[in-house]
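>>> My questions are about this predicted structure, shown below with the sequence.
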Amino acid sequence: MKKILVTGSDGLLAHQLKQIAPGDFEFHFLGRAEFDLLNSDLMAQRLSELQPQVVINTAAYNLVDRCETERELSWAVNATAPQQLAKLCAGKNIRLVHYGTDYIFDGAKKSPYAETDTTNPLNHYAAGKFAGEQAVLRASPENLVLRTSWVFDWHPVQTKTFIHTVLKAVREGRTLKSTTDQVSVPTFASDLAQWTLALLRQNAGGLFHAVNDEGVSRFDWAKVILEESVRIKLISTAPPVEPVLSSFFSSTMRRPDYTVLSNTKLSKLLGRNPGSWRGGLRKMLAQMK
Ligand SMILES: NC(=O)c1ccc[n+]([C@@H]2O[C@H](COP(=O)([O-])OP(=O)(O)OC[C@H]3O[C@@H](n4cnc5c(N)ncnc54)[C@H](OP(=O)(O)O)[C@@H]3O)[C@@H](O)[C@H]2O)c1
């Protein structure tokens, strides 16, 4: 039986790994207090105590805008810590699974990005996440990096997904403004958790783009969320969504506009198509109801 240590136990993806946690693996979920990515002595101590065969690192600094102001902290969590963790794991022959982001691309391509495409991070979050994933890949060919995008799912306390943002605007009677020029792939965390375990079972190593099917703009994503919420009677009517360009939000941070990832490599290894995010959306809204 493989012993797996999961970091960031209170996060969205870790919660879904907890829900799935199949009996042929022995899972240990550790939160920030027990496994702080900023404390390498503590990480080393926990690895020695638990002696896992695999570490799944779901912990990250994900507040993209805040990374611009909290540069040192976000770099420490997203870049330096994965590098230290990868070194510790390599020294103990532990396979490390880590997650990257679609934001490492600059959006110039306008067709789905493959694992072999050239990266060009446009902001501090993306640069930090890129440094982190590369350090993990360099540390061992057995390590696994799954790049993903627009992760969503139900969580007992966390309410920060785009779906929550859309439904909050409806509850508060606010007109929702959503971007037509930002296109990516919503990814159901429960699916991402399943793919992670499937890749581990196959002893896969290296880099994978791990997203559902169907790139969509924020504007169209918001409209589908509202339509589906009306259909299952979570809300009574769908208010109009106002289409805007990213420049409307006047952020000084540069964001890539098109970051659809191709899941062809993942499909081949899974032996099936990862499937659309639409099924995940229906499941999440049903749970919210
Ligand atoms: N969510 C997305 O849309 C998205 C998109 C692309 C890539 N990803 C990547 O996918 C992975 C999983 O994301 P997620 O959505 O599950 O993230 P999440 O819900 O934000 O969870 C991340 C967890 O990391 C913890 N954490 C932060 N700093 C830490 C530290 N110093 N030590 C230990 N734990 C720390 C957080 O704890 P606190 O609750 O205490 O802050 C949080 O529970 C991450 O690598 C993320 O970058 C996510």
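Ah, there it is.
>>> Chain neighbours aside, what residue packs nearest to the residue in the chain positioned nearest to the ligand?
Residue nearest to the ligand within the chain: G11 (2.2 Å; CB to the nearest ligand atom). The C-beta positions use only the backbone N, C-alpha and C, and glycine is treated the same way. Distance criterion CB to CB, 6 or more residues apart in numbering; nearest residue to G11, sequence neighbours excluded, is T58 at 5.3 Å.
>>> which residue ranges form the helices in the stretch 151-289 of the chain?
162-171, 189-201, 218-231, 264-270, 278-288 (DSSP state H, counting those that start in this stretch).
>>> Residue numbers of the stretch 101-250 of the chain in contact with the ligand?
Proximity of the stretch 101-250 of the chain to the ligand, by CB under 6 Å from any ligand atom, involves residues T101, T148, S149, W150, V151, Q158.
>>> change it to 5 Å
Applying CB under 5 Å from any ligand atom, one finds that the stretch 101-250 of the chain approaches the ligand through T101, T148, V151.
>>> Reformat these as a markdown table; add pLDDT, distance to F208 and neighbour count.
Output for those, formatted as a markdown table (pLDDT from 0 to 100; distance: CB to CB, whole Å; neighbours: other CB atoms under 10 Å):
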| residue | pLDDT | distance to F208 | neighbour count |
| --- | --- | --- | --- |
| T101 | 98 | 13 | 26 |
| T148 | 98 | 9 | 24 |
| V151 | 97 | 15 | 21 |
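>>> that older thread, so the residue nearest to G11 sits right up against L146, yeah?
No. The pair T58 / L146 is not scored as a contact, 10.4 Å apart, by CB atoms under 8 Å.
>>> these two touch, right, F188 and R282?
No. Using CB under 8 Å as the test, F188 is too far from R282 to be in contact (10.0 Å).
>>> out of the two, which sits in the more crowded spot?
When F188 and R282 are compared for neighbours, F188 comes out ahead with 26 against 14, by other CB atoms under 10 Å.
>>> Could I get the contacting residues of T259?
Going by CB atoms under 8 Å, 6 or more residues apart in numbering, T259 touches D102, Y103, F105, G107, Y113, S149, V183, S184.
>>> so what does the longest helix along the chain touch, helix or strand wise?
Looking across the chain with DSSP state H, the single longest helix is helix 124-139. Helix 124-139 is packed against helix 66-69, helix 71-75, helix 81-91, strand 95-101, strand 144-148, strand 206-209, with contacts defined by 3 or more CB pairs under 8 Å, 6 or more residues apart in numbering; DSSP states H and E.
>>> residue contacts, L200?
K2, I4, V54, R95, V97, L144.
>>> Let me have the helices of the stretch 151-289 of the chain in JSON lines, extended by mean pLDDT.
Listed next are those as JSON lines, based on pLDDT from 0 to 100:
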{"stretch": "helix 162-171", "mean pLDDT": "94"}
{"stretch": "helix 189-201", "mean pLDDT": "97"}
{"stretch": "helix 218-231", "mean pLDDT": "97"}
{"stretch": "helix 264-270", "mean pLDDT": "97"}
{"stretch": "helix 278-288", "mean pLDDT": "96"}
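>>> which stretch among those helices comes nearest Q45?
Judged by CB to CB, the one of those that comes nearest to Q45 is helix 189-201, at 24.4 Å.
>>> what about that closest one, distance to the chain center?
With CA atoms, centre = their mean, to the nearest Å as the basis, helix 189-201 stands 12 Å off its chain's centre.
>>> How about stretch 5-22?
The answer for stretch 5-22 is 12 Å, by CA atoms, centre = their mean.
>>> repeat for stretch 23-30
Counting by CA atoms, centre = their mean, stretch 23-30 comes out at 20 Å from the chain centroid.
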